[in-house]
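Visitor: I would like the atomic coordinates for the input below:
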Amino acid sequence: MSRTTLCVVTAALLSLVSIGLMIGRYRLFGDQVKVPLGPGTWKVSFLIQGKTTGSDARLITGLPLDFGRQHIWKEDCRSSELLPKPPDAKHPERHHVLWSARAGSARGPFRALYQFYCSVDFHSPTASMSRMARALYAAPEPGTLLDSEPRVESSHAEITSLAHQLTAGLDEPPDRMKALYQYVAQEIANEPHTTGPALTALDCLRNGSGNADAKSRLLVALCRNRGIPARLVTGLALKQGHEQNAHTWVEAWVNHHWQSLCPFYHHLGRVPASYVVFEFGDVPLVRGREIRDVSYAFLVEKPEVDAGQGGGNDSTLRHLVNRLSLFALPPAEQRLVEFLLLLPIAAMMVCIYRNVIGLESFGTFAPALVGLAFRDLGSLPGILVFLSIVLAGWLMRKALDHFHLLQVPRKSIMLSLVVILLISAIVAANLNDLPATKYISLFPMVILTGMIERFWTLETEDGASSSFKTLLGTLIIAASISLVLSLHALVRHMFRYPETLGLIMAGQLLIGRYTGYRLSELFRFRDFLDEPVVSSQ
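Guide: Below you'll find the model as predicted:
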């Protein structure tokens, strides 16, 4: 069997296996292969609106935690004015999205939308979900969660007098906690949530009424005053219907475990499973700088589940496939896997450009990585910053050639010069209030150094025209990769059907055996393809 035949047969087998897996999973799950649904699954849309007042505007929005029986997946952040940066797999403890102003966007109104699916009855928590649950619900350190805070005045005289009055004759912490809860739940009237200044625990007590935030702060202050560690929990009470606001409740450490208390909706000892946790502590879900007139709301929807779709729910095969699904990963790892799934597509595009079209580039995978960086940047200024760095490095490389250094020391010095260049660019951008700093960190320094070295080598061997032509080809490939990998439909397909990698590998095998003319060569030698005109005598 020839090598070409072997490649064709292998590519055909890979294609058949990939397509077979996709069809089999769709037959097993139906449309739920796109989003795994269940009786405890909800879709939540978190919309934030406001106005930016400066070029360095920052918006921070809280994220729901992925722990215990609360699982989050299919997160999506979108905004035309702001660039989102969710936490990565290295820092899963950072439960927020950092939004920054896009380069070139004018100051003024903005809209930011964060959507996610949540299962509040996840039957098979992963190891990371269980580990986080143990950490979050571990016993508090001695002496913690007992002090006053800016809006939880647990040591104020009025709070102290009321706490002693309510717990007179009660020596056991559970009895004290119940008496304090009943007072706040029954004697303090409920108020609707407003966008005005937040009420403190003392304000709530003096007014005799408050919203969920204020009543929870008052209960925390009373519990801490009587020596019961207590903390605020910020989240969302999932219920289908009109637009909703964030909800706040309390957790108190009693009898060696955390007990949930909701004085607003009158839940003692535990809260419904539909309570989704975002943050622990008195932390606002939306905060930032150089922004104003901020408002937000949640829209909670209950996806319809077709009980007859995709077979029985008790299927052992379905349970196994669900356990192995990418949707079962923690949110940060889902984003990491999404990035990794796009790398082979980028490499495939480099193969097409170089082996089929005949476009030259610096390196094989450098255009792929630069294209993925452009995808994260999402704007033309990022490409201009990258081009400026490469050209400035090329000039430094020309100056370095006068020293006639060995290859490894030369590249080491070149790396140091690139670092100095980047630091100088950061300082200059900061002095001139320019947004260039947000792009610099996305370009790997080793790749930049290698591209500058290749640029110089090609200029030395083939001239400046050839080197700039190759640089242009690299930018075209990287920009094309950025555009293709920015398609949400492609990203969603790869995450739903990761077996598509088999089809990509099949294409790479076939391109690897292609030895015909490249398209650029056909254009170059087009005059030879014209049939000669035969004159008749």
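Visitor: Please make it C-alpha for all contacts and neighbour counts, starting now.
Guide: Noted.
Visitor: Run through the stretch 151-300 of the chain and note the low-pLDDT ranges.
Guide: 240-242 (pLDDT under 70).
Visitor: please redo it, this time with the cut-off set to 80
Guide: 194-196, 240-243 (pLDDT under 80).
Visitor: Also the stretch 1-150 of the chain?
Guide: Using pLDDT under 80, the stretch 1-150 of the chain drops low at 1, 28-39, 55, 87-95, 103-106, 121-124, 126.
Visitor: hmm, try it at 70
Guide: For the stretch 1-150 of the chain, residues meeting the criterion pLDDT under 70 lie at 88-94, 103-104.
Visitor: again, but for the stretch 301-450 of the chain
Guide: Counting by pLDDT under 70, the ranges of the stretch 301-450 of the chain that qualify are 305-323, 376-382, 430, 432-445.
Visitor: Could I get the full set of helices for it?
Guide: Along the stretch 301-450 of the chain, counting by DSSP state H, counting those that start in this stretch, helices occupy 316-324, 331-351, 366-377, 380-400, 407-431, 437-440, 445-462.
Visitor: Okay, buried residues for the fifth one please.
Guide: Of the residues in helix 407-431, those buried under the neighbour-count criterion (16 or more other Cα atoms under 10 Å) are R410, K411, M414, L415, L417, V418, L422, A425, I426.
Visitor: just to revisit the earlier point, save the helices of the stretch 301-450 of the chain as JSON lines, and put in distance to S274 too.
Guide: Converted to JSON lines, the helices of the stretch 301-450 of the chain look like this (distance: least, Cα to Cα, whole Å):
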{"stretch": "helix 316-324", "distance to S274": "22"}
{"stretch": "helix 331-351", "distance to S274": "19"}
{"stretch": "helix 366-377", "distance to S274": "34"}
{"stretch": "helix 380-400", "distance to S274": "42"}
{"stretch": "helix 407-431", "distance to S274": "45"}
{"stretch": "helix 437-440", "distance to S274": "38"}
{"stretch": "helix 445-462", "distance to S274": "46"}
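Visitor: which of those helices is buried the deepest?
Guide: Compared across the helices of the stretch 301-450 of the chain, helix 366-377 shows the largest average neighbour count, a mean of 24 (mean count of other Cα atoms under 10 Å).
Visitor: helices and strands around that helix, which ones?
Guide: helix 331-351, helix 464-485 (3 or more Cα pairs under 8 Å, 6 or more residues apart in numbering; DSSP states H and E).
Visitor: can you list these in JSON lines and add distance to D66?
Guide: What follows is the helices and strands packed on helix 366-377, written out as JSON lines (distance: least, Cα to Cα, whole Å):
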{"stretch": "helix 331-351", "distance to D66": "7"}
{"stretch": "helix 464-485", "distance to D66": "27"}
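Visitor: closest to Y514 out of these?
Guide: Closest to Y514 of these, according to Cα to Cα: helix 331-351, at 10.7 Å.
Visitor: Domain map for this structure?
Guide: Listed by automatic domain parsing, the domain ranges of the chain are 41-135+289-328, 136-281, 332-525.
Visitor: how long is the second one from one end to the other?
Guide: The first residue of domain 136-281 is 12 Å away from its last residue (Cα to Cα, to the nearest Å).
Visitor: how far out from the middle of the chain is that domain?
Guide: Centroid separation between domain 136-281 and its chain, computed with Cα atoms, centre = their mean, to the nearest Å, is 31 Å.
Visitor: center of this protein, which residue is that?
Guide: Per Cα atoms, centre = their mean, the C-alpha nearest to the average position across the chain is that of P86, at 3.4 Å.
Visitor: thinking again about what came up before, among the helices and strands packed on helix 366-377, which is nearest I389?
Guide: Closest approach to I389 among the helices and strands packed on helix 366-377 (Cα to Cα): helix 464-485, 12.5 Å.
Visitor: angle of the helix or strand just after the closest one against helix 331-351?
Guide: Counting by DSSP states H and E, the next helix or strand C-terminal to helix 464-485 is helix 488-496. With axes from the mean of the first three to the mean of the last three Cα atoms, to 10 degrees as the basis, helix 488-496 and helix 331-351 are set at 110 degrees to each other.
Visitor: just to revisit the earlier point, export the domains of the chain to CSV and append columns for distance to S2.
Guide: Shown next, in CSV, are these (distance: least, Cα to Cα, whole Å):
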stretch, distance to S2
domain 41-135+289-328, 38
domain 136-281, 59
domain 332-525, 11
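Visitor: In contact with Q259, which residues?
Guide: Q259 makes contact with E251, A252, W253, L268, G269, R270, according to Cα atoms under 8 Å, 6 or more residues apart in numbering.
Visitor: P109 reaches T53, doesn't it?
Guide: No. The criterion here is Cα atoms under 8 Å, and P109 misses it with T53 at 9.2 Å.
Visitor: that older thread, select, out of the domains of the chain, the one closest to V17.
Guide: Nearest to V17 among those is domain 332-525 (7.5 Å), distances taken as Cα to Cα.
Visitor: Run the chain-centre distance for the closest one.
Guide: Taking Cα atoms, centre = their mean, one finds the center of domain 332-525 at 23 Å from the center of the full chain.
Visitor: Also stretch 280-298?
Guide: On the basis of Cα atoms, centre = their mean, stretch 280-298 sits 18 Å off its chain's mean C-alpha point.
Visitor: same thing with stretch 37-55?
Guide: Mean-position distance between stretch 37-55 and its chain equals 13 Å (Cα atoms, centre = their mean).
Visitor: Identify each buried residue in that stretch, please.
Guide: By neighbour count on 16+ other Cα under 10 Å, the buried set for stretch 37-55 is 37-38, 41-52, 55.
Visitor: same check, this time on stretch 465-476
Guide: For stretch 465-476, the buried set under the neighbour-count rule, 16+ other Cα under 10 Å, comprises S466, S467, T470, L471, L472, G473, T474, L475, I476.
Visitor: And the first one, how close does it get to L448?
Guide: So that's S466. Distance from S466 to L448, by Cα to Cα: 19 Å.
Visitor: on that earlier part again, show the buried residues in the contacts of Q259.
Guide: Using 16+ other Cα under 10 Å, the buried ones in the contacts of Q259 are E251, A252, W253, L268.
Visitor: Please verify my assumption that L47 contacts R111.
Guide: Yes. Using Cα under 8 Å as the test, L47 is close enough to R111 to be in contact (7.2 Å).
Visitor: Taking their axis directions, the longest helix that the chain contains and helix 488-496 sit at what angle?
Guide: For the chain, the helix reaching the highest residue count under DSSP state H is reported as helix 3-29. Going by the same axes, to 10 degrees, helix 3-29 is angled at 90 degrees with respect to helix 488-496.
Visitor: what's helix 3-29 packed up against?
Guide: On a contact count with 3+ Cα pairs under 8 Å, 6+ apart, helix 3-29 meets helix 501-512.
Visitor: re the thing from before, among the domains of the chain, which comes closest to A11?
Guide: It is, among those and with distance given as Cα to Cα, domain 332-525, at 4.1 Å.
Visitor: quick one on the thing from earlier: what's the closest of the domains of the chain to L14?
Guide: Set against L14 and scored by Cα to Cα, the domains of the chain come closest in domain 332-525, at 5.3 Å.
Visitor: hmm, back to that, for G20, which of the domains of the chain is the nearest?
Guide: domain 332-525 (9.4 Å).
Visitor: Out of the buried ones among the contacts of Q259, which is nearest to E304?
Guide: When the buried ones among the contacts of Q259 are compared for distance to E304 (Cα to Cα), L268 wins out at 31.2 Å.
Visitor: my read: Y117 touches D76, true?
Guide: No. Judged on Cα under 8 Å, Y117 makes no contact with D76 at a distance of 9.6 Å.
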